[in-house]
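Undergrad: after the sequence you'll find the predicted model.
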Amino acid sequence: MALFQIAEPGESAPPHEHKLAVGIDLGTTNSLVATVRSGIAVCLNDDQGRPLLPSVVHYHADGSTEVGHEARRNQALDPKNTIVSVKRFMGRGLKDIAHVEAMPYDFVEGPGMVRVRTQAGVKSPVEVSAEILKVLKERGETALGGELVGAVITVPAYFDDAQRQATKDAARLAGLNVLRLLNEPTAAAIAYGLDNAAEGIYAVYDLGGGTFDISILKLTKGVFEVMATGGDSALGGDDFDHRIYCWAIEQARLQPLSAEDARRLMMSCREAKEFLTKNPEAPISLRLSTGENIDLRLDVATFAEITRTLVSKTLQPVKKALRDAGLRPEDVKGVVMVGGATRMPQIQKAVGDFFRQDPLTNLDPDKVVALGAATQANLLAGNKTGKDDWLLLDVIPLSLGLETMGGLTEKVIPRNSTIPTARAQEFTTFKDGQTAMAIHVVQGEREMIADCRSLARFELRGIPPMVAGAARIRVTFQVDADGLLSVTAREQTTGVESSITVKPSYGLSDDEIAGMLQDSLAHAKDDAMARALREAQVEAKRMIEATAAALAEDAHLLNEAEATKIRNAIAKLQEAAAGDNRRIINIAMDDLGFETQEFAHRRMDQSIKKVLSGRKVEEISTGEEE
Amino acid sequence: MDLTADFFSLFDLPKTFRLNLSELDSRYRDVQARVHPDRFASAPETERRLSMQWATRANEAYMTLKKPLERAKYLLELAGHDLQAESNTAMPADFLMEQMEWREAVMEARAGGDHHELERLFQRLTDDIAGRYEEVAGLLDDAQDYATVTDRVRRLMFLEKLLFEIDDALASLED
């Protein structure tokens, strides 16, 4: 495989250059990184040949960290400073987190999301996740031999805006360029669908360590279209461990355990769960620090019985997603199982009974998401693949709404809308001379505001004073291809525009991210300035390459003067990127961006015209109805 | 071609109510294959933004043209006919009476857990609605009788909502 070649500034890269991109499955229990090598998606192993990186971060007093297997060994010894299943805390407040009492952490309710006090200081879930991502990034760069152009990072389809934003922030903190946040079941469908050349309706049942997703997809030649998605972002394999744990405490009539004993018992319960996938009975034996002995045996039937409500809890979203897609179980051609937790026999049976067919398990349920993410990353980075090109049409999992009078919700964008999507809503003032207006955006399906998740509250200011009802404020809600919301507002009669970036009620401000970046870099070898410069140079290089490629293809869309302006701007940027002044590079990038705006428009128009031309119009009006 | 072009022009389709839906599907996919943000993930910021706007527009156009009620409303809008859906809720008394009877039948079947009756009502209403769209097609494409279409579309808004409620009742019985 050709290694990445760093082009000298002033030299444009060869067009066939293979871009280094990875897919990352940032899981509750384990994380993986994968890439496409010679047209085949493969997981990248650590230096001991292990693909899975336990999503565990151990903080030392001096601020240094251990991540993965080493950190997991500290789980029982130093539970307070060893963060496991951090994904459950992403974009969440303390009140949202289940089983807080069984966790050994010293939680701090932060202004955005919950934080954990460790001996290295208070850490937000974003920072903890960034530590995991940094290790995977490094693994990717070592294996591929160069700097990554970007990564596709997977998130549960049912993640809301705050959880998605937190994931993207973590990637940014780890120094990763996020090509796309990709929904986990969709990633699995790509890995599965491309391998099996599948066509028809497929259901992806994805039970991870801490999250559950169901997606219904229509696969046609070259198109993956998500028809509906559903799930529970706080239900996963961990809950099955917890059920065994409660059962064990009850059976052994134990007094409340110390944090360390609790953690050790929880690990034994997890081992028992895994043992039961292949064996009829599992032992749970443990000597506690109090001197007490636990010696229990759990059989498959009892395990199924104590987790029956959890299993049926996953079937509710399955029914709802099918209904949203306008389908019945028998319309589904295949059911893809994703996530280690789907190895549990009672899950396989329940899903098989519901869809009246055996679920598909021919791809490793632990790896399939990472493999799909890598495949998509390869496409998004612009590498030609051996297989046909494909298109992915995904949806927003939860409705977006606004608070109206009386604490009710008004839906603005319904769930399962294909993204990107936007909707504009008009508001007016209700008092004479009113110059500000409060808007509250929520996400969820319930009618009462209090039952939905608050995404953002913001105030529109600077409305020109007019009589009540005269001002017309148009607020546009835009959901991008990552499923993230942004809001802009414009007063229609005066044209005053204000752009609001939605900072979720459970999110981090830009300042906080900047602060964390500083903190994390204080412990790193390179300093913040050098890194920012390098990032700007990489970005400049990307921009020069993209523009040069566009010119090579479509120079005929420009007149001589326009083309010269763009070439000059490229030359200026090349010169700037060769220097070491980040500000000058940024200015040159802005200039090139400005000069290519019109060119971009024309290229898009040409592209659309091309695709629609050469079709016969007479085929169309044959009155087929749905 | 620009972002403000109407939804039919975006897919190069004639502005008619009668529409070949498989043709719409394939054109929608062709356009998305060109403009979708995944095609521009490594492109400069300007192109990424433009791509998001185009893809958003294509999704909106597809959603509007795919559903017959939305398509009819959109054709009325293009012809400059305001539905006044919010300000004008007056409907003929016989239509409202009929609506009340439907609703009572649905409520009764739901309360009695009568799955079979709900299925029957659903099918009857689906057939009724299909017939009304036939009429709308003639009024829009052949007669260009927008005033009558406005009335028919307002009735269909009631009926589609009722159909949704029956479906809701069916789903709640299944749980």
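TA: Looks like it came in fine.
Undergrad: what packs against the longest helix along chain B?
TA: For chain B, the longest helix by residue count, based on DSSP state H, is helix B:146-174. In terms of contacts (3 or more C-beta pairs under 8 Å, 6 or more residues apart in numbering or on different chains; DSSP states H and E), helix B:146-174 is packed against helix A:308-324, helix B:68-78, helix B:93-111, helix B:115-137. Where C-beta positions appear, they are placed from N, C-alpha and C, glycine not excepted.
Undergrad: is it possible to export these to a markdown table including distance to B:L162 and mean pLDDT?
TA: What follows is the helices and strands packed on helix B:146-174, written out as a markdown table (distance: least, C-beta to C-beta, whole Å; pLDDT from 0 to 100):
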| stretch | distance to B:L162 | mean pLDDT |
| --- | --- | --- |
| helix A:308-324 | 17 | 93 |
| helix B:68-78 | 13 | 94 |
| helix B:93-111 | 6 | 89 |
| helix B:115-137 | 6 | 94 |
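Undergrad: adding distance to A:L288 and mean neighbour count, write these out as TSV.
TA: Formatted as TSV, the helices and strands packed on helix B:146-174 follow (distance: least, C-beta to C-beta, whole Å; neighbours: other C-beta atoms under 10 Å in any protein chain shown):
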stretch	distance to A:L288	mean neighbour count
helix A:308-324	27	18
helix B:68-78	64	18
helix B:93-111	54	13
helix B:115-137	54	15
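Undergrad: can you redo those as TSV with distance to A:M448?
TA: Output for those, formatted as TSV (distance: least, C-beta to C-beta, whole Å):
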stretch	distance to A:M448
helix A:308-324	19
helix B:68-78	28
helix B:93-111	23
helix B:115-137	27
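Undergrad: neighbours around residue 27, how many?
TA: Went with chain A since none was named. 28 (other C-beta atoms under 10 Å in any protein chain shown).
Undergrad: please go with chain B instead
TA: Every residue meeting other C-beta under 10 Å relative to B:R27 is counted, giving 23.
Undergrad: what sits against the closest residue to A:E281 other than its chain neighbours?
TA: Nearest residue to A:E281 in three dimensions, chain neighbours excluded: A:D299, at 4.7 Å (C-beta to C-beta, 6 or more residues apart in numbering or on different chains). Each residue near A:D299 by C-beta atoms under 8 Å, 6 or more residues apart in numbering or on different chains is listed here: A:P280, A:E281, A:A282.
Undergrad: measure A:P414 to A:G112 for me?
TA: 27 Å (C-beta to C-beta, to the nearest Å).
Undergrad: when the two are compared, which one has more neighbours?
TA: More crowded of A:P414 and A:G112, by other C-beta under 10 Å: A:G112, with 23 against 17.
Undergrad: does the more buried one touch A:S124 like I think?
TA: Yes - contact between A:G112 and A:S124 holds when scored by C-beta atoms under 8 Å: they sit 7.4 Å apart.
Undergrad: burial check on A:Y202, number of neighbours?
TA: 24.
Undergrad: now do A:R415
TA: Neighbours around A:R415, by other C-beta under 10 Å: 20.
Undergrad: phi first, then psi, for it.
TA: phi -60, psi 160 (degrees, to the nearest 10).
Undergrad: equivalent analysis for the one 4 residues further on, please.
TA: Note on A:I419: backbone dihedrals following degrees, to the nearest 10 are phi -100, psi 150.
Undergrad: the residue of chain B positioned farthest from its centre and A:A576: what is the separation?
TA: Residue farthest from the centre of chain B, counting by C-alpha atoms, centre = their mean, is B:P44 at 36.4 Å. Using C-beta to C-beta, one obtains 15 Å as the distance from B:P44 to A:A576.
Undergrad: B:K161 now?
TA: From B:K161 to A:A576 the distance is 59 Å (C-beta to C-beta).
Undergrad: of those two, which one has the most company?
TA: Between B:K161 and A:A576, counted using other C-beta under 10 Å, A:A576 has the larger neighbour count: 24 against 10.
Undergrad: now the more buried one: closest residue in space, sequence neighbours ignored.
TA: A:A588 is the one closest to A:A576 (C-beta to C-beta, 6+ apart), at 4.0 Å.
Undergrad: roughly how far does B:D30 sit from chain A?
TA: 5 Å (C-beta to the nearest C-beta, to the nearest Å).
Undergrad: what about the strand or helix carrying that residue, average pLDDT?
TA: Per DSSP states H and E, B:D30 falls inside helix B:21-35. Averaging pLDDT along helix B:21-35 yields 92.
Undergrad: quick one: contacts for A:I584?
TA: A:A576.
Undergrad: and it, that one's in a helix?
TA: Yes - under DSSP: H, G, I helix; E, B strand; the rest coil, A:I584 falls within a helix.
Undergrad: ok, it to A:E575 distance?
TA: Using C-beta to C-beta, A:I584 is found at 9 Å from A:E575.
Undergrad: tell me which residues of the helix or strand hosting A:R490 come out buried.
TA: Taking DSSP H and E as the definition, one finds A:R490 inside strand A:485-491. Buried residues in strand A:485-491, counted by 16 or more other C-beta atoms under 10 Å in any protein chain shown: A:L485, A:V487, A:T488, A:A489, A:R490, A:E491.
Undergrad: what about the residue lying closest to A:K80 once chain neighbours are set aside, how many neighbours?
TA: Spatially, and ignoring its direct neighbours in sequence, A:K80 is nearest to A:P104 (5.5 Å; C-beta to C-beta, 6+ apart). Per other C-beta under 10 Å, the neighbour tally for A:P104 reads 18.
Undergrad: could I get the phi/psi values of A:A536?
TA: phi -60, psi -40.
Undergrad: and the stretch 401-550 of chain A, which of its residues are near chain B?
TA: The stretch 401-550 of chain A comes close to chain B at residues A:417-422, A:478, A:480-481, A:542-543, A:546-547, as judged by C-beta under 8 Å from any C-beta of the partner chain.
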